[in-house]
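Participant: from the sequence below, what's the structure:
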Amino acid sequence: MQPITDFDFIPLNFDEDGILITPQQMETLKDHARQATDAIFLAHGFRNDEDDAGQLYANLLHTLKQNMARSEFHDALGARRFVVAGVFWPSKAFLESFPDDSISAELEALKSEVEGAAQAKVEEAKAVLPRLMNDPDAQDAFVASVLSAVPDTQSDPMDGLERIRSQNGSDVLQKLRLPLLPVAPAGSGDADDGGGVAAVAVAAGGFQEQGAAQSFGSVLGTILGAAGKLLNFATWYIMKNRSGVV
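Facilitator: Down below sits the predicted model:
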């Protein structure tokens with residue numbers, strides 16, 4: 001246990017199946033909880049790696065400690081003793097840009113996040129990568145292989161996965177050549193800042209193709225860049241499922 005800003009802080013490290021890697025961490029938490037009046041549990045999102053999460057937790061606790069010292073909170077919080085549990089799980093930060101020469105490495109990264117038959121699908125995608133730029137058949141095969149590596153577990157229709165799978169891969173990649181823009185649910189008035197979600201909206205038909213071509217034709221990306229966006233979505237979906245398990 002390492003204190004953060006004078007708080008007793010116990011990390012809880014889970015694997016991708018939601019199993020606590022070191023059971024002693026929970027016993028340590030229980031021991032400290034017996035002496036505490038309040039327990040705080042912190043959990044990070046699926047766009048943060050462990051370093052990101054640790055910094056987020058430290059910043060939050062630093063801000064909390066500063067506010068606890070204010071006179072208006074002293075009577076309510078001054079006598080309380082807190083114990084803090086920080087949940088860590090194997091999530092992954094997403095790329096914000098997709099250089100053409102990064103796709104092979106991103107395929108390897110995707111392969112490391114899946115198992116069994118899904119890994120074989122990633123290998124199939126790697127096999128057609130040299131032909132991807134100018135061969136629609138290779139593009140169809142690449143997209144089909146990547147999406148086949150994405151688990152179907154508890155698929156949410158709102159994610160757009162089945163809608164993307166129903167399209168030709170070459171069409172999906174052409175749509176993903178468009179710049180990614182935040183897409184808000186209809187009528188919400190709020191834009192989502194997730195790169196994966198924006199990629200889904202475009203690939204699933206979030207823009208009218210004719211209008212999109214008129215608006216963005218001068219800034220279209222490459223097919224390999226579009227492939228990077230697709231891999232970003234695949235990783236996003238895997239992390240989304242994993243966060244639910246944890």
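Participant: how far does the helix or strand harbouring residue 171 sit from the chain's center?
Facilitator: Taking DSSP states H and E as the criterion, residue 171 maps to helix 169-176. Its chain's C-alpha centre and that of helix 169-176 lie 22 Å apart, by Cα atoms, centre = their mean, to the nearest Å.
Participant: same check on stretch 169-183?
Facilitator: Using Cα atoms, centre = their mean, the offset of stretch 169-183 from its chain centre is 19 Å.
Participant: one step back: pLDDT (mean, whole number) over the helix holding residue 171?
Facilitator: Mean per-residue pLDDT for helix 169-176: 95.
Participant: domains in the chain, as residue ranges please.
Facilitator: Domain assignment of the chain by automatic domain parsing yields the ranges 8-88, 100-245.
Participant: sorry, back to before: tell me what the helix holding residue 171 is packed against?
Facilitator: Taking 3 or more Cβ pairs under 8 Å, 6 or more residues apart in numbering; DSSP states H and E as the contact definition, the neighbouring helices and strands of helix 169-176 are helix 136-148, helix 195-203, helix 223-245. To be clear about C-beta, it is placed using only N, CA and C from the backbone, and glycine gets the same treatment.
Participant: quick check: which of those is nearest to residue 72?
Facilitator: helix 223-245 (35.8 Å; Cβ to Cβ).
Participant: helices or strands next to the closest one in the packing?
Facilitator: Helices and strands touching helix 223-245, as assessed by 3+ Cβ pairs under 8 Å, 6+ apart, comprise helix 103-112, helix 136-148, helix 169-176, helix 195-203.
Participant: buried residues in the shortest one?
Facilitator: If I follow you right, that is helix 169-176. Residues 169, 170, 171, 172, 173, 174, 175, 176 are the ones in helix 169-176 that count as buried (16 or more other Cβ atoms under 10 Å).
Participant: so what's residue 14 up against?
Facilitator: 20, 21, 87, 88, 89, 246 (Cβ atoms under 8 Å, 6 or more residues apart in numbering).
Participant: on that earlier part again, of all the helices and strands packed on helix 169-176, which one is nearest residue 54?
Facilitator: Ranking these by distance to residue 54, with Cβ to Cβ as the measure, places helix 223-245 first at 17.1 Å.
Participant: pLDDT on that closest one, on average?
Facilitator: Averaged over helix 223-245, pLDDT sits at 90.
Participant: what angle do it and helix 136-148 make?
Facilitator: Helix 223-245 and helix 136-148 are oriented at 10 degrees to each other (axes from the mean of the first three to the mean of the last three Cα atoms, to 10 degrees).
Participant: how far off centre is helix 223-245?
Facilitator: Using Cα atoms, centre = their mean, the offset of helix 223-245 from its chain centre is 7 Å.
Participant: C-alpha coordinates for that helix, PDB please?
Facilitator: Taking only C-alpha atoms (Å, rounded to 0.1, in the frame of the first residue of the first chain), the coordinates of helix 223-245 have been written out as PDB:
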ATOM      1  CA  ILE A 223      -6.900   3.500 -47.100                       C
ATOM      2  CA  LEU A 224      -4.200   2.400 -44.600                       C
ATOM      3  CA  GLY A 225      -5.300   5.300 -42.400                       C
ATOM      4  CA  ALA A 226      -8.900   4.100 -42.700                       C
ATOM      5  CA  ALA A 227      -7.700   0.600 -41.700                       C
ATOM      6  CA  GLY A 228      -6.100   2.200 -38.600                       C
ATOM      7  CA  LYS A 229      -9.500   3.700 -37.700                       C
ATOM      8  CA  LEU A 230     -11.100   0.300 -38.100                       C
ATOM      9  CA  LEU A 231      -8.500  -1.300 -35.800                       C
ATOM     10  CA  ASN A 232      -9.200   1.500 -33.300                       C
ATOM     11  CA  PHE A 233     -12.900   0.600 -33.300                       C
ATOM     12  CA  ALA A 234     -12.100  -3.100 -32.900                       C
ATOM     13  CA  THR A 235      -9.900  -2.300 -29.900                       C
ATOM     14  CA  TRP A 236     -12.600   0.000 -28.500                       C
ATOM     15  CA  TYR A 237     -15.200  -2.700 -28.700                       C
ATOM     16  CA  ILE A 238     -13.000  -5.200 -26.900                       C
ATOM     17  CA  MET A 239     -12.100  -2.700 -24.200                       C
ATOM     18  CA  LYS A 240     -15.800  -1.800 -23.800                       C
ATOM     19  CA  ASN A 241     -16.700  -5.500 -23.300                       C
ATOM     20  CA  ARG A 242     -13.800  -6.000 -20.900                       C
ATOM     21  CA  SER A 243     -14.800  -3.000 -18.800                       C
ATOM     22  CA  GLY A 244     -18.200  -4.500 -18.300                       C
ATOM     23  CA  VAL A 245     -16.700  -7.800 -17.200                       C
END
